[in-house]
Every structure is written in structure tokens, then in C-alpha cells.
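Enquirer: Compute the structure for the input listed below.
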Amino acid sequence: MELKLEGRQMDIGNELRDRITTRLQTLDQRFGPITHARVSIERKSHNNEQRAEVKTVINVPGNTISSTKEAATVIPAVNEALDTLTMELQTWAEKNKKSHTRP
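Expert: Next up is the predicted model:
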């Protein structure tokens, strides 16, 4: 799996990088081959309010799955985005399994 992490308006520390890498490797092992994953974390400021936005895009054979989540801090935004990816991957895996089984 090729993984690209990028931080906009912020630095991604080693702890956050390790957390994201571990979660994505778990998803790769659990649901099949993830060929490419991209996680973009951006710190936003709007009306004197700090927000964190996480955009994730993963490529699996025959499909691209993405999610965008926003929260007050980075960790909850990352967790929500990866939880959404997990649900989407599970749905994709179930559909993929059904299409390859014979009646």
C-alpha cells in the first residue's frame, strides 16, 4: 500500500502519523488490497474558531472510496474519517464478495 500523508497549515507529528498508518494497515489486512491511500489534514480558522478537516481517499481494485470529516480538534476528525472509511470498505468488501460467489 502506498500512503501519502499531508498536513496543511500544520505539522503531522510522529504519533499521529503512526496512528493513521496503523489504522490503514489494519484496514488493508482486513478488507483486501488497498493500493493507494491519501490522508490530508488541514487546520482551518473561520470566524475566530479553529477547526480541523480530514480528507481521506483510498483506492481499492475497481473503486475509489473517500471521506471528509471536520471536528474541533485533529484526533476526533481523524478517527471519524477513518471510521467512515471502515464502514465504506466493509460495504465494498461485502458487495465484492457477493459478486464473486456463485449461486
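Enquirer: And residue 103, what's its pLDDT?
Expert: Note on residue 103: pLDDT of 52.
Enquirer: Could you measure from residue 93 over to residue 83?
Expert: 16 Å (CB to CB, to the nearest Å). In this view, the C-beta of every residue, glycine as well, is placed from N, C-alpha and C.
Enquirer: now swap in residue 95 and tell me
Expert: 19 Å.
Enquirer: quick check: mean pLDDT across stretch 25-38?
Expert: Stretch 25-38 shows a mean pLDDT of 90.
Enquirer: for residue 67, which residues make a bridge with it?
Expert: Counting by DSSP bridges, residue 67 is bridged to residue 56.
Enquirer: How many residues are close by it?
Expert: As a burial measure, residue 67 scores 18 neighbours (other CB atoms under 10 Å).
Enquirer: for it, what are its contacts?
Expert: For residue 67, the contacting residues are 55, 56, 81, 84, 85, 88, by CB atoms under 8 Å, 6 or more residues apart in numbering.
Enquirer: what's the answer for residue 43, then?
Expert: Residues in contact with residue 43, defined by CB under 8 Å, 6+ apart, are 8, 9, 10, 50, 51, 52, 74.
Enquirer: For those, could you give me TSV that also reports distance to residue 43, pLDDT and neighbour count?
Expert: Compiled in TSV, the contacts of residue 43 are given as follows (distance: CB to CB, whole Å; pLDDT from 0 to 100; neighbours: other CB atoms under 10 Å):
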residue	distance to residue 43	pLDDT	neighbour count
8	7	89	12
9	4	82	11
10	5	85	12
50	7	86	10
51	8	90	15
52	6	92	20
74	8	91	20
